[in-house]
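Q: predicted model and sequence follow; I will ask about them next.
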Amino acid sequence: MSSLAAVVLAAGKGERMKSARPKVLHELCGRPMVDYALDAAREAGAKRIIVVVGHGAADVQAALARQHDVEFAVQADQLGTGHAVQMCCDHLARHDGPVLVLAGDAPLVRGSSLRQLVENQAADQASCVLGTAVVQNPADLGRIVRDSHGEFVAIVEYKDATDEQRAIHEINPAYYVFHASDLVRALTQITPNNKQKQYLLTDCPAVLLREGKRVRALQVFDEEESYGVNSRAQLAQAHECLQRRIHLHWMSQGVTIVDPRNTYIDPRATIGPDTVIMPFSCIEGPSEIGPECRVGPFAHVQPGTRLDAGATKTL
């Protein structure tokens, strides 16, 4: 398999966050939400990550400066997702392999799901493989249109969709794998011919189809992975989802969490088996809790704490 590059879109202001801070730097379980997208890209196999910055570019670059596999492209004017990826064309000019594209405000995507897209693109030698999800309430997300044989036809943005298309529950959560040269060529052909008057990445798969290229749409993401964060309420929803994943992981490893709804565990923390976490405990990370410990109730485990086997931590 050719080396994988990733493009992470992180240029947006996030008007609904009502904040001077760039949206992707808002924290989720103690980390900037963009970090989760970067980790997922790495888990999928990315060796280079190009982060597209725009609003608050200096802040985002400073926050990611120590991540040595990250390079930056600047989108000075936010003219759409396609325009954002166009800013990466110089970075991709010599890349002869797959390119994973995802958003920096989608912290719930799993690297294993992205890896499925990467592997399918390689197996099919497709110009583009895009991931889809079927959701109960598709709201204003782009719809996946298929033909009578179930083959991908187009992504239709909600504002441009007909009533019939808006009734579709298969949506585009904006995860793609392109062959680099096909992506760069398709980006030269998209136009702002839509109600948003923007250059949209969602038009690239249709461009490639018109050229006779192989494009696949695979339903590999669950509804939770399709959640983006555009508001404080959605940030809280993502926090709840991530905490549930963390709790389930540690319970599967032999940790007792008496009251998960009233327990906070940082994703960077480690916990040994047969440890009991009592209600109203907060474990911040990175921290290390050994086996057979008892934490809480009302305990605050601060970052960098190390509890040896059998230790008790109260207030």
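A: Yep, it's here.
Q: check which residues of stretch 19-34 are buried.
A: 21-26, 28-29, 31-34 (16 or more other Cβ atoms under 10 Å). The C-beta positions use only the backbone N, C-alpha and C, and glycine is treated the same way.
Q: mind listing what residue 178 touches?
A: By Cβ atoms under 8 Å, 6 or more residues apart in numbering, the contact set of residue 178 is 98-99, 101, 121, 127-128, 186, 204.
Q: one more pass at 10 Å, please.
A: 7, 85, 92, 98-101, 121, 126-130, 184-187, 201, 204-205, 208, 215 (Cβ atoms under 10 Å, 6 or more residues apart in numbering).
Q: then residue 92?
A: By Cβ under 10 Å, 6+ apart, residue 92 lies in contact with 5, 7, 48, 50, 73, 85, 99, 178, 180-181, 183-184, 187.
Q: in PyMOL, select just the buried ones from those residues.
A: Applying 16+ other Cβ under 10 Å to these, the buried members can be selected in PyMOL as follows:
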select buried, resi 5+7+48+50+73+85+99+178+180+183+184+187
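Q: go through the contacts of residue 92 and name the one nearest residue 307.
A: The nearest member of those to residue 307, counting by Cβ to Cβ, is residue 48 at 38.4 Å.
Q: in what helix or strand does the closest one lie?
A: strand 46-53 (DSSP states H and E).
Q: just the CA atoms of that strand, as CSV, please.
A: Only the C-alpha atoms of strand 46-53 are listed here, as CSV (Å, rounded to 0.1, in the frame of the first residue of the first chain):
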residue,chain,number,x,y,z
ALA,A,46,-1.4,8.5,7.8
LYS,A,47,2.4,9.3,7.7
ARG,A,48,1.9,13.0,6.7
ILE,A,49,-0.9,15.2,8.0
ILE,A,50,-1.7,18.6,6.3
VAL,A,51,-3.8,20.8,8.6
VAL,A,52,-5.7,23.5,6.7
VAL,A,53,-5.8,26.6,9.0
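Q: thanks a lot, catch you later.
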